[in-house]
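The following comprises the amino acid sequence and a computationally predicted model.
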Amino acid sequence: MFIGGCLKMLTVANISLVKEKHILKNVSFELARGEILVLLGPSGAGKTSLLRCLNRLDSLDSGNVFLDGTDTRAFPITELRRRIGLIFQAPALIPDTVKKNVCVGPRLAGKNISDEVCQSLLSRVGLESEYCGRNVETLSLGERQRVALAQVLANEPDILLLDEPTSALDPTAILVVETLIQSLHNKLNTAMVLVTHNLEQAKRFNARTLVLADGEVLAEGNIRKLMESNANPKLIQFFEGRMESNELKGS
Amino acid sequence: MASESLLMSYGLVVGAILISLLNQLKMEREMFSSSLRATVQLIVMGFVLEAILAIEEPLYLFLILLSMCVVAGAISGKRGKEIPHSYWIAFAGIFLGSVVTFGVLYAAGVIQPEAQYAIPLGGMIIGNSMKASSLSLNRLIGELGHQRARIETLLALGASSRQAALNAVRQAVGAAMIPTVDTMKTVGLVHFPGIMTGFIIAGGSPMTAVKFQLAIMYMVAGATGITCLTVTLLAYRQCFTCDLQLIKKFSPTH
């Protein structure tokens, strides 16, 4: 029940997903409380599908996912989705004010959140309280991504799933959002799964990394150590191949 | 109206055919065949209606109206092929809209359970309900595809299927009600509806014609409203799995 001395929170055991083709093949990993896990892989590796399965927006064909030792299928689906918050690559916000967007999660559960709580959520994601009344359509992509982050944080999730949160941002905004994610993690100690196709970004997070390709786990460990290691020829070939084809090259 | 007068009015069609011939528009054959078809269809309908209007047994009237609902449901259901059980949903909406409307009109004493009221008014109610059902299904499919990202965001935040689909349902009901709402807004200003025109031509007083027309308009509005709501509320539930996942058929390209 422990990973490196930490209490295990999420266990993914041999999950497979088949649509037109095999999207995920016997993927297994664990996530400890308060840990950041980076999910690295090229486009089409199955990273987004994996997150959707964890949030149960897609159903598994085989395997199990356990949250605190309980199969996620045993949870009421709405409760599970509040506990495992998913932030999409392209946030689809409600065309309304920032406040309305931030409050949507609790409102769906029949709770109201005060202006103070809303402002505190915005401040956590680096937006000033003046943003409350602004229409989301006037915001930049980076700001929209922060509102999406605040929206999920309002549900007080145990785990945050971040699906390439910086893929549509410019280099400066990427660094700002990365710093924000790190600082949120430090403050809240929420477990996070961060999806990226960017090798440099994975290196900057310097966390335990799961390398995914063609729906399979190629390797697991610290990204720097994985890159230095010569033990796995398939992984070396993978890194070299991706680097050459520019798919995993950092921005 | 004398038969000679009717023949003379057909002269207008003959005139249009001659114009087409002289100007080589090549519309004459189609105009002739369609006018002939309309004449035959209406004469046949006249005979059928005479037989139907002679029916006194309420059960037979109900069965005729029920079969009209079944046909309307089958036609409207095709507009929602992407939605599971769309035929049943369309039928349920049309049937409920018609039954409730008829029930209220009968209770209010506006109509009697007689063929001369039930058949023409039933055709009007069921026809309008069918249009409303088709528009609802068509728009709902479009909105679910168009709003897929937003719906999945709400689902991921812990929304129920009702909460996630609420905006799409609103849009679908609003769009399907547009023809009815616009007709009510412009009646008497832009157009004079058929019932009222017919009543006045037949020698009825304009105020009586207005009363009848209002009753018919309320009837159509009620039937279409009930149909739209029933169809969309039944249909959106079919678009989600029991795990609250929006089924894959709805993509933004729809």
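Looks like it arrived, so ask away.

Surely A:Glu30 is in contact with A:Leu10?
Yes - counting by CB atoms under 8 Å, A:Glu30 touches A:Leu10, with 6.8 Å between them. To be clear about C-beta, it is placed using only N, CA and C from the backbone, and glycine gets the same treatment.

Can you verify A:Thr209 is assigned to a strand?
Yes - with DSSP: H, G, I helix; E, B strand; the rest coil as the criterion, A:Thr209 is located in a strand.

hmm, back to that, looking at A:Glu30 and A:Leu10, which is more packed in?
A:Leu10 (23 against 19; other CB atoms under 10 Å in any protein chain shown).

Specify the beta-bridge partners of that one.
A:Leu31, A:Leu67 (DSSP bridges).

correct me, but it touches A:Asn64?
No - using CB under 8 Å as the test, A:Leu10 is too far from A:Asn64 to be in contact (11.3 Å).

coming back round to it: joint contacts of A:Glu30 and A:Leu10?
Common contact partners of A:Glu30 and A:Leu10 (CB atoms under 8 Å, 6 or more residues apart in numbering or on different chains): none.

okay but A:Ala213 is in contact with A:Ser43, surely?
No - A:Ala213 is beyond contact range of A:Ser43, at 10.8 Å (criterion: CB under 8 Å).

more crowded one of the two?
Set A:Ala213 next to A:Ser43 and count neighbours by other CB under 10 Å: A:Ala213 wins out with 20 against 10.

how about that one, what does it touch?
Counting by CB under 8 Å, 6+ apart, A:Ala213 has contacts A:41-42, A:45, A:238.

What strand or helix carries whichever residue of the stretch 51-200 of chain A sits closest to chain B?
At 3.7 Å from chain B, A:Ala92 is the closest residue in the stretch 51-200 of chain A, using CB to the nearest CB. Using DSSP states H and E, A:Ala92 is not contained in any helix or strand.

Wait, B:Gly77 touches B:Gly93, no?
No - with contact defined as CB under 8 Å, B:Gly77 does not reach B:Gly93; the gap is 10.0 Å.

Neighbour count: the two, which is higher?
Neighbours were counted for B:Gly77 and for B:Gly93 using other CB under 10 Å; B:Gly93 has more, 33 against 24.

Surely that one touches B:Thr230?
Yes - using CB under 8 Å as the test, B:Gly93 is close enough to B:Thr230 to be in contact (3.9 Å).

how close does the spatially closest residue to B:Met27 that is not a sequence neighbour get to chain A?
Among residues not flanking B:Met27 along the chain, B:Ser20 sits closest, at 4.3 Å (CB to CB, 6 or more residues apart in numbering or on different chains). Distance of B:Ser20 to chain A, given as CB to the nearest CB, to the nearest Å: 52 Å.

okay, now B:Ser20: neighbour count?
Residues lying near B:Ser20 (other CB under 10 Å) number 17.

can you check the one 3 residues further on too?
The number of residues packed near B:Asn23 is 10, by other CB under 10 Å.

And for A:Met192?
Neighbour count of A:Met192, defined by other CB under 10 Å: 24.

quick one, what contacts it?
Contacts of A:Met192 by CB under 8 Å, 6+ apart are A:35-37, A:159-162, A:181, A:185.

Return the member of the residues you listed nearest to B:Leu36.
Using CB to CB, A:Leu161 comes nearest to B:Leu36 of these, at 67.6 Å.

Tell me how many other residues surround the closest one.
26.

I'd say it and A:Thr48 touch.
No - with contact defined as CB under 8 Å, A:Leu161 does not reach A:Thr48; the gap is 9.8 Å.

what's the overlap in contacts for those two?
By the contact definition CB under 8 Å, 6+ apart, A:Leu161 and A:Thr48 are jointly contacted by A:Val195.

Touching, B:Leu244 and B:Leu157? I think so.
No - at 11.5 Å, B:Leu244 and B:Leu157 do not qualify as touching, with contact defined as CB under 8 Å.

higher neighbour count, these two?
Comparing B:Leu244 with B:Leu157 by other CB under 10 Å, the one with more neighbours is B:Leu157, at 26 against 19.

In the chain, where is pLDDT below threshold?
Just going to use chain A. Counting by pLDDT under 70, chain A has low-confidence residues at A:1-7, A:230-231, A:234, A:241-251.

Chain B, not that one
Counting by pLDDT under 70, the ranges of chain B that qualify are B:1, B:190-192, B:252-254.

May I have the secondary structure class of A:Gly85?
strand.

you'd agree it is up against A:Asp163?
No - assessed by CB under 8 Å, A:Gly85 is found out of contact with A:Asp163, at 11.2 Å.

which of those two has more neighbours?
Using other CB under 10 Å, the more surrounded residue of A:Gly85 and A:Asp163 is A:Gly85, with 26 against 21.

Who is that one paired with across the strands?
Applying DSSP bridges, one finds that A:Gly85 bridges with A:Leu160.

In contact with it, which residues are there?
Shown in contact with A:Gly85 (CB under 8 Å, 6+ apart): A:55, A:152-153, A:155, A:157, A:159-161, B:156-157.
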